[in-house]
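1. Have a look; sequence and predicted model below, questions after that.
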Amino acid sequence: MQIIKVKDKSAGGKKAFALIRADIDQGAKVLGLATGSTPGPLYSEMRASRLDFSGMTSINLDEYIGLPPENPESYHYFMQKNLFDAKPFRESFVPDGMANDLAAECRRYDQVIKDHPIDVQILGIGENGHIGFNEPGTSFKTHTHRVQLTESTIQANRRFFASVADVPTEAISMGIASIMQSKKIILMAYGEKKAKAIQAMVAGPVSEEVPASVLQRHPQAIVIVDEAAAAMI
C-alpha cells in the first residue's frame with residue numbers, strides 16, 4: 001500500500017488526476033467511480049482537463065435504493081452534474097436503485113464488471129472504515145449486493161438531505177470482492193474525522209470489521225491523504 005500525503009483536498013485531487021492520466025496514457029479504458037465530497041476535487045480536475053473520455057467506460061460503486069436518476073440526491077444525478085455533462089464517457093454504468101428485482105440487478109451489475117474489468121477504482125472511506133457501502137462486518141467475498149445502511153452512515157449522509165427522514169436506508173453497492181478485482185485502487189481521504197479510519201486501514205489488522213483494511217492485500221493500492229487524515233499514521 002502506497003501512502004501519498006498532500007497539503008489539502010485540492011492537492012489531493014490534482015495528484016489523483018495525475019495518476020489517472022498516466023494510466024490512461026498507458027491504455028486504461030475503464031474507471032471505477034465514487035460519489036460524495038471526497039472525489040469532488042478530482043472531478044473538477046477531470047472537467048477542466050483536455051482529456052477525452054468518450055472512448056472510455058465508467059462504472060460507479062453504488063446507488064441508493066428508491067431514488068430515481070432524476071432525484072438530485074441520487075448518485076446518477078451526482079455523476080451527471082459533476083462529471084458526465086462536461087466529460088461524457090462512451091458507456092457509464094450506475095446501479096439501478098429503482099429496479100423491481102434488486103437481486104437480478106445485482107447480478108446484472110456483476111456481469112457489467114466482469115465484461116468491463118476496472119483499470120482504476122476511485123474510493124473514499126467512511127468514518128467506520130467502510131468502502132462503497134460495505135459496512136463493518138461485510139464479508140470480503142461479497143460481490144454486488146443489497147445493503148442496509150448503518151445508523152452512522154445515515155447520519156453522515158443526512159447533510160445532503162432536507163431531514164434525516166429523507167435519507168435512504170438501503171443501497172446497492174459493489175462488494176469488496178468486486179472492488180478488489182480492480183487493477184489499481186486510489187483511495188482518498190481528507191479531514192480529521194477520517195484519521196482513525198485511515199489508521200485502522202493502514203496499520204491495523206486486516207479485518208472485516210474494518211472493510212478498507214482489505215486494501216493491504218491489494219497489489220496496487222494508493223492512499224492519498226491530507227495532513228489531518230494522516231495524523232494517526
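-> Received the coordinates, thanks.
2. G132: what's it in contact with?
-> 34, 61-62, 123, 173-176, 179 (Cβ atoms under 8 Å, 6 or more residues apart in numbering). The way it works is simple: take the backbone N, C-alpha and C, and place the C-beta from them, glycine included.
3. can you give me the helices in this structure?
-> 9-25, 40-48, 75-79, 102-115, 151-157, 176-180, 195-203 (DSSP state H).
4. can you redo these as JSON lines with mean neighbour count, distance to A212 and mean pLDDT?
-> Shown next, in JSON lines, are those (neighbours: other Cβ atoms under 10 Å; distance: least, Cβ to Cβ, whole Å; pLDDT from 0 to 100):
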{"stretch": "helix 9-25", "mean neighbour count": "18", "distance to A212": "17", "mean pLDDT": "97"}
{"stretch": "helix 40-48", "mean neighbour count": "19", "distance to A212": "18", "mean pLDDT": "97"}
{"stretch": "helix 75-79", "mean neighbour count": "22", "distance to A212": "20", "mean pLDDT": "95"}
{"stretch": "helix 102-115", "mean neighbour count": "16", "distance to A212": "19", "mean pLDDT": "97"}
{"stretch": "helix 151-157", "mean neighbour count": "15", "distance to A212": "14", "mean pLDDT": "77"}
{"stretch": "helix 176-180", "mean neighbour count": "22", "distance to A212": "9", "mean pLDDT": "97"}
{"stretch": "helix 195-203", "mean neighbour count": "20", "distance to A212": "4", "mean pLDDT": "97"}
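5. Now distance to A86 too, for those helices, in a markdown table please.
-> Formatted as a markdown table, those follow (distance: least, Cβ to Cβ, whole Å):
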| stretch | distance to A86 |
| --- | --- |
| helix 9-25 | 14 |
| helix 40-48 | 4 |
| helix 75-79 | 11 |
| helix 102-115 | 23 |
| helix 151-157 | 25 |
| helix 176-180 | 26 |
| helix 195-203 | 30 |
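6. right, and these - which one's nearest K87?
-> Of all these, helix 40-48 sits nearest to K87, with 5.8 Å by Cβ to Cβ.
7. What about the closest residue to D226 other than its chain neighbours, how many residues nearby?
-> Nearest residue to D226, sequence neighbours excluded (Cβ to Cβ, 6 or more residues apart in numbering): Y190, at 4.7 Å. For Y190, the neighbour count with other Cβ atoms under 10 Å is 25.
8. pretty sure Y190 is in contact with E227, am I right?
-> No - assessed by Cβ atoms under 8 Å, Y190 is found out of contact with E227, at 9.4 Å.
9. show me what contacts the nearest residue in space to L19 that is not next to it in sequence?
-> Of all residues not flanking L19 in the chain, I186 sits nearest, at 6.1 Å (Cβ to Cβ, 6+ apart). Contacts for I186 (Cβ under 8 Å, 6+ apart) come out as 16, 19-20, 120-123, 222, 224.
10. Against N71, how distant is R47?
-> Taking Cβ to Cβ, to the nearest Å as the measure, R47 falls 22 Å from N71.
11. Repeat that for T144.
-> The separation that T144 has from N71, given Cβ to Cβ, amounts to 21 Å.
12. quick one: which of the two has more around it?
-> Taking neighbours as other Cβ under 10 Å, T144 and N71 compare with T144 leading, 24 against 16.
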